[in-house]
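**Q** Fold the following for me, if possible:
(4 chains)
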Number of protein chains: 2
Amino acid sequence: MSLSVVPTPGSNAERSRAYNRSLVLGHVRGAGASGRAEIARASGLSTQAVSNIIGELVAEGWLFEAGKRSEGRGLPAVQYALAPAAGTAIGVEVRPDALLVALTDLDGSSLATERHSLTRADPDTVAALIAQARDRALAQSGVDPARLLGAGVVMPGPFGATGLTGAASDLPGWAQMDARALFAEALDLPVIIENDANAAAMAERISGVAQGLHTYAYLYFGTGLGLGVVTRGELMRGAHGNAGEIGHIPVAHATGPVPLEQIVSRFALRARTGADSVDALQALHANADPNLMGWLDDAAPALANAVQIVENLFDPETVIIGGAMPEALLDALVARVVLAPASVANRPDRVQPRLMRGTCGRMTATFGAAALVINQAFTPRMASPA
Amino acid sequence: MSLSVVPTPGSNAERSRAYNRSLVLGHVRGAGASGRAEIARASGLSTQAVSNIIGELVAEGWLFEAGKRSEGRGLPAVQYALAPAAGTAIGVEVRPDALLVALTDLDGSSLATERHSLTRADPDTVAALIAQARDRALAQSGVDPARLLGAGVVMPGPFGATGLTGAASDLPGWAQMDARALFAEALDLPVIIENDANAAAMAERISGVAQGLHTYAYLYFGTGLGLGVVTRGELMRGAHGNAGEIGHIPVAHATGPVPLEQIVSRFALRARTGADSVDALQALHANADPNLMGWLDDAAPALANAVQIVENLFDPETVIIGGAMPEALLDALVARVVLAPASVANRPDRVQPRLMRGTCGRMTATFGAAALVINQAFTPRMASPA
DNA sequence: AGGATTAACTCAACTCAGTTGAATTAACAA
DNA sequence: TTGTTAATTCAACTGAGTTGAGTTAATCCT
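**A** Numbering: from 1, shown residues only, chains lettered A, B, ... in the order given. Modelled structure (predicted):
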């Protein structure tokens, strides 16, 4: 049973309703509790249309009445707020050696998490493990399975054979696999596949520092260094889902140009300090380990270079860095970066800092995988019929 | 009279129809003459809905019956093709010293062009000149003013005060100006403002080598070097319309890292050869001028570096180069570039070359300005009511 | 106070546009 | 010739947003 996916489907009454429902939910999410008339003005819909949609969303448990607000004259507006428990999503991060699974609500709050070491990472084994983890997470948190909107799965890129293939991050046996279909079947849920940096970027939008932003970039410390870019609320994926491979672009270094992730990445850090885990790095940083401090001195200018490239190419509202790194170390890195003046981001009217640390912590990508699903509920789009 | 623009408007019957009309026109444009049933299948709409829309588009002159096609059994499908003259657009390129204006049809074919030297480039003077040029172009080509869909205007970026402000490309007196509103008023037409590289990218999509592509990048030789990126058919603009400032990112050079456009740009070329015009450059190239050939040797690796960055960050189907340069020189440059193997674009299953020359010629940006308008007619989007 | 004004909200009738299912037409195949 | 297939149209239907009148509950003004 393959669903025939229409690339850009036409609009009809039913699809219009779905679109407008997302619009209303997105407004309430973005602006907080709102009244019918306010949403009508913001969307260009009639009050009546918004009223009907809100009635439906309240009946289904997505929204609830949250008091009244009186602004000057006139009948006070009844406010409607988002019910975080109205929807949940599964986030999965597949690494060559481990599987991370999280269950979150609409706020991106964690309801359950789980970690598995993988000895075999073949498709069928992974799919089965995810299905079991889903069942445990639901049982443990007491979440109604009917409220589960879907699953997001983060996998190491790049996807398909490319000039970057052969890195240690690749998963064996997945090359020609339609992972989305595999997981959708195993879980009996809608599934979204993404790379780690894109998922992390979305996590910050749902529950981190990128809330309210529409155009921003995220530098992600995974195995290497990834870049997730959100433009007008949409992830930039590229023609084959491989956009954002920033780790492989050359940057200036004492010994001549080297690939960025040869300096700015966890494996560069491990080569320099011997430390592998986030905790070990945290300890080294707390003790001002000379090797670690040396790395910081090296990484800061390379990162500045990367930020300048990202700013000039994408013109984002801000650049966020995060991933599997101690927060204090990321803060130290941000503090040490001297941002290039020759950048379109160097504006007098800035409201965001040019570079900031993400706040979603170590499991950003896993929560981000769930955030991909959550985000869909708030993003109006003409979707094909099931 | 300011039209209240709703950022993401809700959907209703009227807006659905506009959306579906664009969808049908876009299909016919992309796939060539098509039958009702074929479009219905591609769009997920019912045959009846498509039939009604086609009836309307034929009545309005957008489509015309173009024979029948019989595929095996069944009633032969009546084919409908796009009438290029159904819509026209004005393209304008504002440079500090000159004004270029073009009138094109839906194919992007030129119906009239005009060039003005500018002694004064203040907003009111420019707006008045454009309005006059519009009238002359319409009169000269005999185009019905009612068929004019709008005007696209290309202006030197970056927009707003940035760390790149102060370059020679800036226009004085425009800093705080709402250029779109100014031109819309002066021309009494919908107006789109864009930077040169983005417009050029769109020109190639309407009438050049990017026809049928959805995700690609365009390196544009203007004053400096610009980058236009199209993702899923949409231009990437960034938070302030300044995305694509690739000229300012550092690349490796014999003397250490230098901004890309210090090597790959027309002013680098002028500094090296003394030649300023496209014709002069063409002559030098025809004579294998040593300075010019030296520039090629320098520019090729820098361009290779830029292409590698663009490929890894955007994962485009292809990278196109073009702009105000002799075609033979661009071809020579493309031939000389050794593309980096460490790129997500280095795939065995490629259908496009990784790097190709644009085919829209010297006035790419001016035609591209018109193409921005044309493109809207074929791109379904929920648009706010006038 | 008490009436005027303002704004949110609801009701009911209406309209637009896409859908559905039956009927028609024209090509190909046995 | 006759049956099958596929495009197209017709007419009735349905879903969803719009419109305009009416209701309710605040604030403003006298």
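**Q** Secondary structure element holding whichever residue of the stretch 51-200 of chain A sits closest to DNA strand C?
**A** Distance from DNA strand C to each residue of the stretch 51-200 of chain A (CB to the nearest atom of the strand) is smallest for A:Gly74, at 2.0 Å. C-beta: built from backbone N, CA, C; applies to glycine. In the assignment (DSSP states H and E), A:Gly74 maps to no helix and no strand.
**Q** For the stretch 51-200 of chain A, which segments are assigned as strands?
**A** Secondary structure of the stretch 51-200 of chain A by DSSP state E, counting those that start in this stretch: the strands cover A:63-69, A:77-82, A:88-94, A:98-105, A:110-117, A:148-154, A:191-194.
**Q** So which of those is nearest B:Ala37?
**A** strand A:191-194 (31.8 Å; CB to CB).
**Q** and the closest one, what does it pack onto?
**A** Here strand A:191-194 touches strand A:148-154, helix A:179-187, helix A:364-378, going by 3 or more CB pairs under 8 Å, 6 or more residues apart in numbering or on different chains; DSSP states H and E.
**Q** redo that, cut-off 6 Å
**A** Under the contact criterion of 3 or more CB pairs under 6 Å, 6 or more residues apart in numbering or on different chains; DSSP states H and E, strand A:191-194 touches strand A:148-154, helix A:179-187.
**Q** ranking these by burial, who's on top?
**A** strand A:148-154 (a mean of 25; mean count of other CB atoms under 10 Å in any protein chain shown).
**Q** List of residues touching that strand?
**A** A:87-93, A:183, A:187, A:189-194, A:196, A:199, A:365, A:369-370, A:372-373 (CB atoms under 6 Å, 6 or more residues apart in numbering or on different chains).
**Q** Close to DNA strand D as well: tell me which of those qualify.
**A** Among those, proximity to DNA strand D is found for none (CB under 7 Å from any atom of the strand).
**Q** ok, back up a step: Serialize the helices and strands packed on strand A:191-194 to TSV and add fields for mean pLDDT.
**A** Below are the helices and strands packed on strand A:191-194 laid out as TSV (pLDDT from 0 to 100):
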stretch	mean pLDDT
strand A:148-154	97
helix A:179-187	95
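**Q** quick one, which of the ones you listed is nearest to B:Leu260?
**A** It is, among the helices and strands packed on strand A:191-194 and with distance given as CB to CB, strand A:148-154, at 32.9 Å.
**Q** Can you give the domain ranges for chain A?
**A** A:13-82, A:87-201+A:366-378, A:213-359 (automatic domain parsing).
**Q** Where among those is average confidence lowest?
**A** Sorting those by mean pLDDT places domain A:87-201+A:366-378 lowest, at a mean of 91.
**Q** how distant is that one from the center of its chain?
**A** Domain A:87-201+A:366-378 sits 12 Å away from the centroid of its parent chain (CA atoms, centre = their mean, to the nearest Å).
**Q** For chain A, which helix extends over the most residues?
**A** Assignment by DSSP state H gives helix A:290-314 as the longest helix of chain A.
**Q** how far is the helix or strand following that one from where the chain is centred?
**A** Scanning forward in sequence from helix A:290-314 by DSSP H and E, the next helix or strand is strand A:319-323. Chain-centre distance of strand A:319-323: 11 Å, with CA atoms, centre = their mean.
**Q** Strand A:319-323 vs helix A:364-378, what angle?
**A** Interaxial angle, strand A:319-323 versus helix A:364-378 (axes from the mean of the first three to the mean of the last three CA atoms, to 10 degrees): 130 degrees.
**Q** do strand A:319-323 and chain B meet at all?
**A** No. Judged by CB under 6 Å from any CB of the partner chain, strand A:319-323 makes no contact with chain B; its nearest approach is 11.4 Å.
**Q** which helices and strands does that strand pack with?
**A** strand A:216-221.
**Q** Get me the contact residues on the stretch 51-200 of chain A for DNA strand D.
**A** A:52-53, A:68, A:70, A:72-76.
**Q** What residues does chain A have near DNA strand C?
**A** A:10-13, A:35-38, A:47-48, A:51, A:71-78.
**Q** Next one: stretch A:215-224, is it in contact with chain B?
**A** Yes. Applying CB under 6 Å from any CB, one finds stretch A:215-224 in contact with chain B at A:Thr215.
**Q** Buried residues, that stretch. List them.
**A** A:215-224 (16 or more other CB atoms under 10 Å in any protein chain shown).
**Q** Check the gap between the closest residue in space to A:Gly228 that isn't next to it in sequence and DNA strand C for me.
**A** Take A:Gly228 and drop its neighbours on the chain: the residue closest to it by CB to CB, 6 or more residues apart in numbering or on different chains is A:Ala201, 3.1 Å away. Here the distance between A:Ala201 and DNA strand C works out to 34 Å (CB to the nearest atom of the strand, to the nearest Å).
**Q** how much space between A:Ala201 and chain B?
**A** 14 Å (CB to the nearest CB, to the nearest Å).
**Q** How many neighbouring residues does that residue have?
**A** Look at A:Ala201: counted by other CB atoms under 10 Å in any protein chain shown, it has 34 neighbours.
**Q** what sits against it?
**A** A:218, A:228, A:230.
**Q** In contact with the first one, which residues?
**A** So the one you mean is A:Tyr218. A:200-201, A:228, A:320.
**Q** a markdown table for the residues you listed, including distance to B:Ala31?
**A** Shown next, in a markdown table, are the contacts of A:Tyr218 (distance: CB to CB, whole Å):
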| residue | distance to B:Ala31 |
| --- | --- |
| A:Ala200 | 38 |
| A:Ala201 | 34 |
| A:Gly228 | 33 |
| A:Ile320 | 41 |
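**Q** still on that earlier bit, which of the residues of the stretch 51-200 of chain A next to DNA strand D are buried, as a ChimeraX select command?
**A** Here is the ChimeraX command that picks out the buried ones among those, judged by 16+ other CB under 10 Å:
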select /A:53
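**Q** Just put the residues of the stretch 51-200 of chain A next to DNA strand D in JSON lines and tack on distance to chain B.
**A** Output for those, formatted as JSON lines (distance: CB to the nearest CB, whole Å):
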{"residue": "A:Asn52", "distance to chain B": "12"}
{"residue": "A:Ile53", "distance to chain B": "9"}
{"residue": "A:Lys68", "distance to chain B": "24"}
{"residue": "A:Ser70", "distance to chain B": "25"}
{"residue": "A:Gly72", "distance to chain B": "21"}
{"residue": "A:Arg73", "distance to chain B": "22"}
{"residue": "A:Gly74", "distance to chain B": "20"}
{"residue": "A:Leu75", "distance to chain B": "23"}
{"residue": "A:Pro76", "distance to chain B": "24"}
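**Q** Between the residues of the stretch 51-200 of chain A next to DNA strand D, which sits nearest B:Ala161?
**A** A:Gly72 (37.2 Å).
**Q** on that earlier part again, selection in ChimeraX covering whichever of the residues of chain A next to DNA strand C are buried, please.
**A** Selecting only the buried entries of these in ChimeraX, with 16+ other CB under 10 Å as the criterion:
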select /A:10,11,12,35,36,38,77,78
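**Q** Return the subset of the residues of chain A next to DNA strand C lying in helices.
**A** Those of the residues of chain A next to DNA strand C lying in helices (DSSP H): A:13, A:36-38, A:47-48, A:51.
**Q** farthest-separated two in the residues you listed?
**A** A:Ala13 and A:Glu38 (24.8 Å).
**Q** what about the closest residue in space to A:Ile249 that isn't next to it in sequence, neighbour count?
**A** Closest residue to A:Ile249 apart from its sequence neighbours, by CB to CB, 6+ apart: B:Ile309 at 4.8 Å. B:Ile309 is flanked by 23 other residues according to other CB under 10 Å.
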